[in-house]
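Peer 1: following is a predicted model, sequence given first.
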Amino acid sequence: MKRLTWLAVAVFAMAGCAGITVEKQDEKNKTDGLHFFRPAPYLFTTLGKDGCLTEIVYLPDKNEEWVAIPHRGLGTAKSTVDLQDGWNLTSLNSETDSKVPETIEALTGVAKLAIPGAAAAQPGGPACATGLRALVWNGSSWGF
């Protein structure tokens, strides 16, 4: 009877728990699961009737591929994964932040102050450099 108890404990220990793990994708060995990319910030600049218009947009960083892997195990697990635009993981078993629009608006305001060329051009001021430019953090400040 004691042997049967230890055998049951060993089986349960090896089975593990049900759930999801998130891992960085290995370039050489593709893992089965839900693949997604980390977002990378870009400064999108266009010319409007009042001067330069800037907006921070996020696009997939192809060097940051990740995978969510579901695991079977003992018990049941209800897991939810939310992807925005089909590539950007926004939640994993969590509630969404209701302050997202306010945060984006605040970051855009900071970018206009902190990034050279991000502020709107004044009428009659310097020309607007339109386009999409990757924002890069160099360890102490943002740049292009």
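Peer 2: Everything's here; your move. Numbering: from 1, shown residues only.

Peer 1: isn't I69 right up against H35?
Peer 2: No: the pair I69 and H35 does not pass the contact test of Cβ atoms under 8 Å, sitting 10.2 Å apart. Any C-beta I mention is one placed from the backbone N, CA and C, and that applies to glycine too.

Peer 1: check which element follows the one helix or strand in the chain whose mean pLDDT sits lowest along the chain.
Peer 2: Of all regular secondary-structure elements in the chain, judged by mean pLDDT, DSSP states H and E, the least confident is helix 2-15 with a mean of 46. Once the chain leaves helix 2-15, the next helix or strand it forms, by DSSP states H and E, is strand 19-24.

Peer 1: which strands and helices sit next to that following strand?
Peer 2: Of the remaining helices and strands, those touching strand 19-24 by 3 or more Cβ pairs under 8 Å, 6 or more residues apart in numbering; DSSP states H and E are strand 51-71, strand 88-92.

Peer 1: now the last one and strand 19-24, what's the angle there?
Peer 2: Which is strand 88-92. The directions of strand 88-92 and strand 19-24 differ by 150 degrees, with axes from the mean of the first three to the mean of the last three Cα atoms, to 10 degrees as the criterion.

Peer 1: identify whichever of the helices and strands packed on strand 19-24 lies nearest to D82.
Peer 2: Ranking those by proximity to D82 (Cβ to Cβ) places strand 88-92 first, at 4.4 Å.

Peer 1: what is the rounded mean pLDDT of the closest one?
Peer 2: Rounded to a whole number, the mean pLDDT of strand 88-92 is 84.

Peer 1: that strand to strand 51-71, inter-axis angle?
Peer 2: 50 degrees.

Peer 1: helices or strands next to strand 88-92 in the packing?
Peer 2: Strand 88-92 packs on strand 19-24, strand 34-48, strand 51-71, strand 81-84, going by 3+ Cβ pairs under 8 Å, 6+ apart.

Peer 1: before I go, just wanted to say thanks for your time.
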